[in-house]
Each structure stands twice: as C-alpha cells, then as structure tokens.
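From the sequence below, what's the structure:
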Amino acid sequence: MVRRIVVKGIGGYEQLKVEDAPPPAPPSANEVIVEVKACGLNFYDIYVRQGLSPDVQPPCTLGLECAGVVTAIGEKVTSVKIGDHVAVHCPRGGGFAEQISVNEDLLLVVPENMSFEVAASFTINYLTAYFSLFHLGGLRANGAVLIHSSAGGVGWAATQLSKTVPGVSVFGTASAHKHNAVVENGVDYPIHYDQDYHTEVLLHRPQGVSIVLDNLGGTDFTKSQELLEPLGKVVLIGAREMVGTEYRSLWRLLRSWWSTKNVSPYSLIMSNRAVAGFNLNELRSKDPATFQQGWKEILEMITSGKLCPRIDSVWQFEQIVEASKQITDRKNIGKVIVKP
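Numbers count the residues shown, from 1 in each chain. Take a look at the predicted model:
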C-alpha cells in the first residue's frame, strides 16, 4: 500500500486525510512510475477543498506538482529512464502520493544535484509567472510590474522573472514583516496591505505600470485596470477574494464574481489597455509544445543561477492541515512543501 493525501469532500480542514491506497499498476506503453520524494502545495489545492475548482472536485487525491525518482517505465517510453530524477506536473491532481503513475510527457528530468524540494517547487509558480509576464503581458525593458502577494509562491517567482528584464521596476504587496525578504528578492517598492496600493504606485510612477499580476479578483480587479499605463495589461491568475480562511464563503464568492465579471470594452479602447487571464493546466492541455518549452527554459534559468526558488517550509504528509494553514493564513514566504 502507498500513502496519499486526499480531500474527502468540500469543506474545512477536517476533509484532509492521509490514506492508504493500492500501489500503481505496472506502467502501460507510455507511462512512468515515480517514487515521490517531495510535493509542492499550491493555493489551487485550497480551491479544490473549498469546491472552487471547475476541473477537480472532491473526493480526490490532491497535488498539482511533485518530484521524485523514476522506478519503472513503459515499453515505448524514450524521454526518461529508470533512476532519473524528475519534476512532475499533475494537471488533474494526484501528485500527493508515495508513488504515482503518469504519462511521460508530464515529466521533466532535473539534475541529480537539485534537491527534491526545489524540483517540486517551480513548475506551477514559475510557469504561471513566466507565461503571464512574457507571453501574455509582453514585459519590456524599463517597464513596471505590480505583483500582488509578492511573498507568495507565484509572487516570488514573478519578482525574479521581472528582474531578468533590464530596467524593470517591481511594486509588490506584502505584509510588513515580509518586506525585507521581498526587497532582497527584487521588489523595489514594497507596499503593506494597510496602505492604499493605488496611491503608492502612482506616487512613484505617475503614468502607471505596464503589467498588474492580479491573483485577487473582486474589487481589486477594477483598481488594477486603473493603474495601467497606456498599452498596459492586467493578467488575472486567480481570485483569492473568493476563498475564506477555512470554509467556502458564499458571500465572498458572489461578491468576487460580481466585482470581477464586468470589463468595459469602451474603457479598454479609450484607455489603450488590455485584460487577460491565464490558466496553466489549460495551456498544457491545448498547447503542450509551448508548455514544455517554457518548462525547459525555467529549469535552465534555475540551474544557471538566474532564478532561485525559495522553500518556505517542509511538512510531512501527516501535517497537511498545518501546511495548508501556512498558505491560507498567508504566513508563507515562497514555496510550501509536503513530503511522504
């Protein structure tokens, strides 16, 4: 039997359980068995537990990403071999288990000197930031970016990626006790949540910013549009305003949906600005070649030292409730990892 982290149903932390399950069957022609060593916890896993994910619904095994060692391969597998260290993308969940079976196209071979914690930390966060900033956002030299939750997993990644472009200024919202950390990571103008970030951004850059990376939604979605310079873009990557601390809040859900749903085409035209949205799982499903190329580029930037993932904390499977609270309560700086 193998252990796995499951969410039994929509609800609070009581729905998170560690259970035993049969090990994966021998791999089919294009499948690979991975012995999992570390898993990356994402805000998306909170969405699943609170019933806010359209793709994955409880009961299910959690986990969009993990890392481990290849222990068996199907007869047609050519991209990996037994013993390879790999990062794994699990677009429909299922990564939080001691052993998993996946198609070979969901694996990326990583260097053996890379820790499993780091290998499990970069797929979701860094690819979300990468495609949002460069492919959708079109970040250019001497531009400016506003990153909400700049101490979180995606925010940490987006700050580092923004700083690979010459002359880019980064505004980042974060709790006051996290300001030193985000500044060391590259944020030029840290903004506390008690401050009006709209006022703070325009104080330092009156023309506005080139890109707002918005993971909040709700009323912040409108404020984000108002902060754009000509030809600027809001890239919506989430809607944290929908999420309660432990349980789903119908009021928060409806309020966020109502505040985010309307975009005025006339306003966009007259202001020369754009609004976009990004979903990593959908990109992988509909354009796997672009996903794979971005995955390889991020790995190369990490191995060359241009990017440096930060591990906030490491928890055992049996500590999944504590690990989830670390994210839900916004205590983390960087990536939260859970391990078998």
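
quick one, what contacts the residue minimising distance to the centre of the chain?
The C-alpha lying nearest the average C-alpha coordinate of the chain belongs to residue 125 (Cα atoms, centre = their mean; 3.4 Å). Applying Cβ atoms under 8 Å, 6 or more residues apart in numbering, we find residue 125 in contact with 40, 42, 153-154, 156-157, 309, 335. Quick note: C-beta positions are derived from backbone N, CA and C, even for glycine.

Need those residues in a markdown table (columns: distance to residue 94).
Shown next, in a markdown table, are these (distance: Cβ to Cβ, whole Å):
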| residue | distance to residue 94 |
| --- | --- |
| 40 | 13 |
| 42 | 13 |
| 153 | 20 |
| 154 | 21 |
| 156 | 25 |
| 157 | 23 |
| 309 | 22 |
| 335 | 19 |
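
Which ones among those lie within strands?
40, 335 (DSSP state E).

Redo the contacts of residue 125 as JSON lines? Include distance to residue 282, pLDDT and neighbour count.
Shown next, in JSON lines, are these (distance: Cβ to Cβ, whole Å; pLDDT from 0 to 100; neighbours: other Cβ atoms under 10 Å):
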{"residue": "40", "distance to residue 282": "19", "pLDDT": "98", "neighbour count": "30"}
{"residue": "42", "distance to residue 282": "16", "pLDDT": "95", "neighbour count": "23"}
{"residue": "153", "distance to residue 282": "19", "pLDDT": "94", "neighbour count": "28"}
{"residue": "154", "distance to residue 282": "16", "pLDDT": "96", "neighbour count": "25"}
{"residue": "156", "distance to residue 282": "23", "pLDDT": "98", "neighbour count": "32"}
{"residue": "157", "distance to residue 282": "19", "pLDDT": "98", "neighbour count": "29"}
{"residue": "309", "distance to residue 282": "24", "pLDDT": "98", "neighbour count": "23"}
{"residue": "335", "distance to residue 282": "22", "pLDDT": "97", "neighbour count": "29"}
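
Go through the contacts of residue 125 and say which is closest to residue 79.
Nearest to residue 79 among the contacts of residue 125: residue 40, at 21.4 Å, using Cβ to Cβ.

Against residue 338, how distant is that closest one?
Per Cβ to Cβ, to the nearest Å, residue 40 is found 8 Å from residue 338.

same thing with residue 41?
Residue 41 is 6 Å from residue 338, by Cβ to Cβ.

for residue 198, same thing?
According to Cβ to Cβ, residue 198 stands 36 Å off from residue 338.

Of the two, which one has the most company?
Using other Cβ atoms under 10 Å as the criterion, residue 198 and residue 338 rank with residue 338 on top: 27 against 16.

for that one, helix, strand, or coil?
Following DSSP: H, G, I helix; E, B strand; the rest coil, residue 338 is assigned to strand.

separation between it and residue 281?
20 Å.

Need the nearest residue in space to the residue of the chain most remote from its centre, chain neighbours excluded.
For the chain, the largest distance from the centre (Cα atoms, centre = their mean) belongs to residue 75, which lies 33.1 Å off. Nearest residue to residue 75, sequence neighbours excluded (Cβ to Cβ, 6 or more residues apart in numbering): residue 29, at 5.4 Å.

next one: residue 301
residue 307 (4.5 Å).

in which helix or strand would I find the residue farthest from the centre of the chain?
Per DSSP states H and E, residue 75 falls between elements, in no helix or strand.

Hmm, residue 31 and it touching each other?
No. Counting by Cβ atoms under 8 Å, residue 75 stays clear of residue 31, with 9.9 Å between them.

ok but residue 275 is inside a strand, no?
Yes. Residue state for residue 275 (three-state DSSP) corresponds to a strand.

Just list what the helix ranked longest in the chain packs against, helices and strands only.
Ordering each helix of the chain by length in residues (DSSP state H) puts helix 288-303 first. Using 3 or more Cβ pairs under 8 Å, 6 or more residues apart in numbering; DSSP states H and E, the elements in contact with helix 288-303 are strand 107-109, helix 123-130, helix 280-286.

In terms of secondary structure, what does the helix or strand following that helix contact?
Where DSSP H and E defines the elements, the next helix or strand beyond helix 288-303 is strand 311-316. Contact here means 3+ Cβ pairs under 8 Å, 6+ apart; on that basis strand 311-316 packs against helix 116-119, helix 320-328, strand 335-339.
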